[in-house]
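Student: okay, predicted coordinates and the sequence, questions at the end:
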Amino acid sequence: MKFLRLSSQFLFLATLFVSASISSAVQLIKPSENSYLDIQEALILAEPGDIIRLSAGIFTLEDSLSLDVPGVQIEGEGMGQTILDFSNQLSGAQGLSVTSDNVTLQDFAIQNAKGDAIKVKSVTNIKFLRVKTEWTNGPSSENGAYGLYPVESKNVLIDGCVAIGASDAGIYVGQSQNIIVRNSRAEFNVAGIEIENSYFADVYNNTATNNTGGILVFDLPGLPQQGGHHVRVFNNRSVGNNTDNFAPEGNIVGEVPRGTGIIIQANSDVEIFNNEIGENDTVNIAVVTYGNDTDDKTYYPHPKSIQIHGNTFGPTGYNPDTSKGELAKILFDLSGGDMPDIFWDGLLPFTQLIFGQPENEKMVVTNNGNATLLAIKPIGYMLPYFESAIIDIHEFDGEIIPLEKVEFDETF
Amino acid sequence: MKHSKKISLLITLFICFDTKSQNISSFDFEKFSHVPKFLSDYGFFKDLKNQKPVSNVHPYSLLSQLFSDETDKLRFVYVPEGKKVGYKKNKVFIFPVGSVLIKTFAYLNSNGPLEAELLETRLLINTNNGWKAISYVWNEDQTDAKRAIAGATIPTRFVNSSGKIKDVRYRAPNQNQCKECHQLKKVVTPIGPKARNMNKLVEYDAGEMNQLVYWAALGWINENLGSTSISNYADVNVVLNERARAYLDINCGHCHIPGGSADTTGLYLNFTEQDKEQIGIYKKPVAAGRASGNLKYSIVPGHPEDSILLYRMKSLDPGIMMPESGRALSDETGIKLITDWIDKL
């Protein structure tokens, strides 16, 4: 019996070995004085199906790494064990850059990159599993902009990751489509998790805490892909995001006030539900129009078809940050210091301000416990004797039309 | 007209005669099944160290050049015999399969006490499977260059244009970094050899000649392409705006162009872009992070000191500097030009 078990184990191992040597090669790399050359050469010479395995330890790298071969997996022995350290980086704008399809990154950490930690551009199928990006000095405007940074990509899975200390967004998915961000943690970034100019995103089971703003759904003008839509944010905890904004000026997230749970800006079809949002100094949820001038005629700056339901709110607005952007200042004035859970700036195209919004574009806010709300009535706000805001949350009652789940084949 | 035809004929004769000497006809660049380990394996040069090419490898040069840490660049092109080079206005020449572009980066140190130093030679080979980028780094004895898959770091010193000795941590890029710039819509492509950037005189063995006329004489292109030419940004007699746009085109426009590596930013610096915001005027950064330098816009007309574009040109910090790779020094001439341009916008 014992012998049998052993031999079957041996057989199993042998099969593994044979199949591995046929379909995929595993290359093990250990930290050394030539870490950069060792890893970069392996990344260039890799064939589709190969696994580049980075052993436990600290890899000290002076130049940025890049992968351009499709179907390669880069894996470490755990985000706390395999660490790629860029504290002494001398060249290259990222820690790691990926430009090929069907790539899996898992179980390692990138720390102190001079620019973005991991940038993935223009690919189909990219998985980040249990990857950590961190700037170890804590929040500082000297930190790189993004931790996990897939952009212009299709089928993006971020699962079980951790992002700490980015001076823009910890987890940032931009100009992409089919996106899942789940089971991840973002802390001490300016923006914890940001979905920007993207289509079809599910953001769930994440924790965003100690950021300036927890979760951002943004759309910006002047970019190859805009008109962000179909974003579901659910079952997340966005709590205690009270780190002072440390983004360098000029960046759009530099306008986010400290203590913001979730911001939706200029997107359509966004569903925010079953989240726990609280202990945010300024406001729990803000729904806003893009506030800067632009010449882009194709850009739509207002949020529409926003649904907010079933969320649990903790205290907010008790220590608003009025130093960044206009949001908190206006909100503070209008609420007389009694800050709401949910804020909408009420801005719409002029004709809609006069004649009203189309039914299917109206914001629906329902079933959020004792949540409070404040929505500006822009015309009333500008004229004397008119009401300048709505504070009755029931004016936004309505039927929830759930957005479809985001799915794609995760087995690539 | 007649005169230039005569010259072409002479050149053609000269070239025909000369092809009987050494050439590289034996190499199969179309399949390119294995990558030679050494530059000498190809036989591009009859005198490798002095970069004297064999007869069917031809030197060429560009009007406006990319800044690469003040290196001298020696460019050569090989086109298989009897093949044509395609032309499309404002685009890079369409080289036939089997062609090779060869570029050696060197500090020739011609105006100072240091000896000439060849650093690296990069090849772009047009195979059946598209362009392949391969680079070779020169050995210390300068006898040959060896393939460098992951690039190389070459700490060295050189004599700059004003005769001063400067230290540099020169980086020969790895294959992927080559692609960062040489890629448009995910297809690897040459950048420099556009007709508008080649309409100039070049010193050949047979004498000085306009290189487009020379290429026509080789039978590669038609004589009258009707191409305009881009300005040499170093030419102070040209209008400032033309010079600045030529500089941005060749130094930034291969990534900052729709379909290029930097198109995610919406900042387009290619020569043909006309939209002011897209060129950067009062354009807010998108993903710059600390590289914004606490400034609000890429370009603020009249205020170079408030323009992110210039801030990033000046920086030597890898998280801030532009271009992202390919330089370890700042381009003082370019900085001066772009400062003047923004100042007068």
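Tutor: All right, it came through fine.
Student: sketch out the low-pLDDT regions of the chain for me.
Tutor: Reading this off chain A. Scanning chain A with the threshold set as pLDDT under 70 gives A:1-23.
Student: can you look at chain B instead?
Tutor: Chain B contains residues with pLDDT under 70 at B:1-22, B:25-26, B:227-228.
Student: in it, which residue sits closest to chain A?
Tutor: Distances between chain B and chain A by Cβ to the nearest Cβ are smallest at B:Gly289, namely 2.4 Å. Heads up, the C-betas are built off the backbone N, CA and C, glycines and all.
Student: burial check on the closest residue to B:Gly98 other than its chain neighbours, number of neighbours?
Tutor: Closest residue to B:Gly98 apart from its sequence neighbours, by Cβ to Cβ, 6 or more residues apart in numbering or on different chains: B:Pro80 at 4.0 Å. Other residues lying near B:Pro80 total 18 when counted by other Cβ atoms under 10 Å in any protein chain shown.
Student: now do the one 3 residues further on
Tutor: By other Cβ under 10 Å, 13 other residues sit near B:Lys83.
Student: strands along chain B, start to end?
Tutor: B:45-47, B:52-53, B:57-60, B:72-78, B:100-107, B:117-127, B:130-138, B:145-147, B:152-159, B:165-172, B:183-184, B:187-188, B:201-204, B:207-210 (DSSP state E).
Student: so how far is chain B from A:Ala93?
Tutor: Shown here: A:Ala93 relative to chain B, a distance of 4 Å by Cβ to the nearest Cβ, to the nearest Å.
Student: can you report phi and psi for that residue?
Tutor: phi -90, psi -10 (degrees, to the nearest 10).
Student: show me the contacts for it.
Tutor: Applying Cβ atoms under 8 Å, 6 or more residues apart in numbering or on different chains to A:Ala93 gives the contacts A:64, A:114-116, B:318-319, B:321, B:324-325.
Student: was I right to think B:Gly319 contacts B:Ser292?
Tutor: No. With contact defined as Cβ atoms under 8 Å, B:Gly319 and B:Ser292 do not form a contacting pair (11.4 Å).
Student: returning to what we had before: does the residue of chain B closest to chain A touch A:Asp168 like I think?
Tutor: Yes. The criterion here is Cβ under 8 Å, and B:Gly289 meets it with A:Asp168 at 5.0 Å.
Student: okay, and the common contacts of these two?
Tutor: Counting by Cβ under 8 Å, 6+ apart, the shared contacts of B:Gly289 and A:Asp168 are A:145-146, A:247, A:251.
Student: what subset of the residues you listed is also close to chain B?
Tutor: Among the shared contacts of B:Gly289 and A:Asp168, proximity to chain B is found for A:145-146, A:247, A:251 (Cβ under 8 Å from any Cβ of the partner chain).
Student: what residues go with each domain of chain B?
Tutor: Chain B breaks down into these domains under automatic domain parsing: B:2-217, B:240-344.
Student: find the closest residue to chain B in the stretch 51-200 of chain A.
Tutor: For the stretch 51-200 of chain A, Cβ to the nearest Cβ, closest residue to chain B: A:Ala145, 2.4 Å.
Student: what's the burial count for that residue?
Tutor: A:Ala145: 31 neighbours (other Cβ under 10 Å).
Student: how close does it get to A:Lys119?
Tutor: Distance, A:Ala145 to A:Lys119, by Cβ to Cβ, to the nearest Å: 10 Å.
Student: which residues of the chain fall in helices?
Tutor: Just so you know, I chose chain A. A:2-23, A:35-45, A:327-335, A:350-355, A:378-382 (DSSP state H).
Student: try again with chain B
Tutor: Going by DSSP H, chain B shows helices at B:2-18, B:175-181, B:211-217, B:240-252, B:276-279, B:308-314, B:332-344.
Student: nearest the geometric middle of chain B, what residue?
Tutor: In chain B, the residue lying closest to the centroid (Cα atoms, centre = their mean) is B:Gly192, at 4.7 Å.
Student: wait, it touches B:Leu62, no?
Tutor: Yes. Using Cβ under 8 Å, B:Gly192 makes contact with B:Leu62 at a distance of 5.0 Å.
Student: who touches both of those two?
Tutor: Common neighbours of B:Gly192 and B:Leu62 are listed as B:75, B:250 (criterion: Cβ under 8 Å, 6+ apart).
Student: count the residues that sit near residue 206.
Tutor: Picking chain A for this. 25.
Student: try again with chain B
Tutor: 15.
Student: tell me who's in contact with the residue nearest to the centre of chain B.
Tutor: Per Cβ under 8 Å, 6+ apart, neighbours of B:Gly192: B:62, B:65-66, B:75, B:92, B:250.
Student: what's the distance between A:Ala389 and B:Met313?
Tutor: A:Ala389 is 47 Å from B:Met313, by Cβ to Cβ.
Student: look at the two and report which has more neighbours.
Tutor: B:Met313 (23 against 20).
Student: for the closest residue to B:Lys186 other than its chain neighbours, the count of nearby residues, please.
Tutor: Leaving aside its sequence neighbours, B:Lys186 sits nearest to A:Ser122 (Cβ to Cβ, 6+ apart; 6.5 Å). Counted with other Cβ under 10 Å, the neighbours of A:Ser122 add up to 22.
Student: A:Leu216 now?
Tutor: 27.
Student: list the contacts for it?
Tutor: Contacts of A:Leu216 (Cβ under 8 Å, 6+ apart): A:169, A:191-196, A:253, A:256, A:262-263, A:265.
Student: kindly report the same for B:Val92.
Tutor: Under the criterion of Cβ under 8 Å, 6+ apart, the contact list for B:Val92 reads B:189-194.
Student: pick the one among those residues closest to A:Met382.
Tutor: B:Ile191 (52.6 Å; Cβ to Cβ).
Student: show me what contacts the closest one?
Tutor: Residues in contact with B:Ile191 (Cβ under 8 Å, 6+ apart) are B:66, B:92, B:181-182, B:250, B:254.
Student: alright, that wraps it up for me.
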